[in-house]
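S.K.: I need the structure of the sequence given here:
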Amino acid sequence: MGFPGTWMTESESVVYRVVPKCACSTIGQILYYSDHGEFFDGDIHDATAGLHKWGIETSRDLITANVQGHKSYAFTCVRNPYTRLLSSFFDKICGIQRNGKRYRGNLVPLLMQKYGVEVGGDDGQDDFDQVRSFRRFLLFVRDTIRWRRPMEPDIHWSATSGHVATFIANGGTYDKIFWTEEFNDGMQDVLDHIETPHKVDLATIPRFNESESHGPKRAHPVEEYFDDLSMHLIYEIYKRDFDLFKYDFENPSNKRPIAEIDLEEVHAKLGD
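M.R.: This is a model prediction of the structure:
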């Protein structure tokens, strides 16, 4: 299986396990800058040079040797399941993607037909009942994750712990897992532990939110999207994420963690 979703600087200063919807565009650009002194011109996910990626065939042996030998500092970044799923809905389901098309072709028509989801018209900008549509999308997410129908779960809403786990299962060890909600502190801690060809000043780094303009703006506070049933479904799907990464299931309005992440616990429970 190897190390899907793993990126490494060409200098091998650091290894990063990408988790979709968890500041991955900004982190990728920081890694690129730390090696080259400039940002990648475009979406870092499209870069095919300047950064080792598991998806690039020639990078795989280098990544495998580094990770299994734990030669470099390794980290990842996680996010509150409530806000991560909302972000996936507005970006991937309601939004037009950077290629000018809907995400995954027939996915949105399927959701509209089978689940009654509305997405704000052809361009995602019309008014619609966001709460009702999101809750219907949540049923679809549950179906994909629990029964793998009508399709396999997508990387943007499959559990964060599942992404994090593949790195451990194949011989990787994390030195740091930090929260998107406390990005500056977490990313600075990573930078403090590594030597890079170019110094990174986090205070001057822009945020590369590649999905920001894709879809409609969220019209309500987070908690309004989640009634008792929605919270039950979220916990059923993302229980390990809440437990391991110390997020507050009881209060959707609290996006901040409520305890420190225990790296030993993460490795023990996700390394099975």
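S.K.: now residue 269, nearest residue through space, not along the chain?
M.R.: residue 244 (6.5 Å; C-beta to C-beta, 6 or more residues apart in numbering). From N, CA and C alone the C-beta is placed, and that goes for glycine too.
S.K.: in terms of helices and strands, where is the one you found?
M.R.: In this assignment (DSSP states H and E), residue 244 forms part of helix 228-245.
S.K.: pLDDT wise, what is residue 100 at?
M.R.: At residue 100, the predicted lDDT confidence score is 83.
S.K.: for it, grab the count of nearby residues.
M.R.: 6 (other C-beta atoms under 10 Å).
S.K.: ok, so what distance separates it from residue 228?
M.R.: As judged by C-beta to C-beta, to the nearest Å, residue 100 and residue 228 stand 39 Å apart.
S.K.: and residue 22, by the same measure?
M.R.: 27 Å.
S.K.: those two: which has the busier surroundings?
M.R.: Neighbour totals were compared for residue 22 and residue 228, and residue 22 leads with 23 against 7 (other C-beta under 10 Å).
S.K.: sec struct for residue 269, please.
M.R.: Judged by DSSP: H, G, I helix; E, B strand; the rest coil, the three-state class of residue 269 is helix.
S.K.: numbering from 14 from now on, please.
M.R.: Sure thing, new numbering starts at 14, so read that last one as residue 282.
S.K.: is it in contact with residue 253, as I believe?
M.R.: Yes: contact criterion C-beta atoms under 8 Å: residue 282 and residue 253 qualify, at 7.4 Å.
S.K.: settle it for me: which of the two has more neighbours?
M.R.: residue 253 (18 against 15).
S.K.: how about the nearest residue to the more buried one, chain neighbours excluded?
M.R.: In this structure, residue 253 finds its nearest non-sequential neighbour in residue 174, 4.2 Å apart by C-beta to C-beta, 6+ apart.
S.K.: is it true that the one you found touches residue 252?
M.R.: No: using C-beta under 8 Å, residue 174 is not in contact with residue 252; the gap is 9.1 Å.
S.K.: higher neighbour count, those two?
M.R.: Each of residue 174 and residue 252 had its neighbours counted (other C-beta under 10 Å), and the higher figure belongs to residue 174 (21 against 14).
S.K.: give me the pLDDT for that one.
M.R.: 98.
S.K.: what's near enough to touch it?
M.R.: Residues near residue 174 by C-beta atoms under 8 Å, 6 or more residues apart in numbering: 253-254, 257-258, 283.
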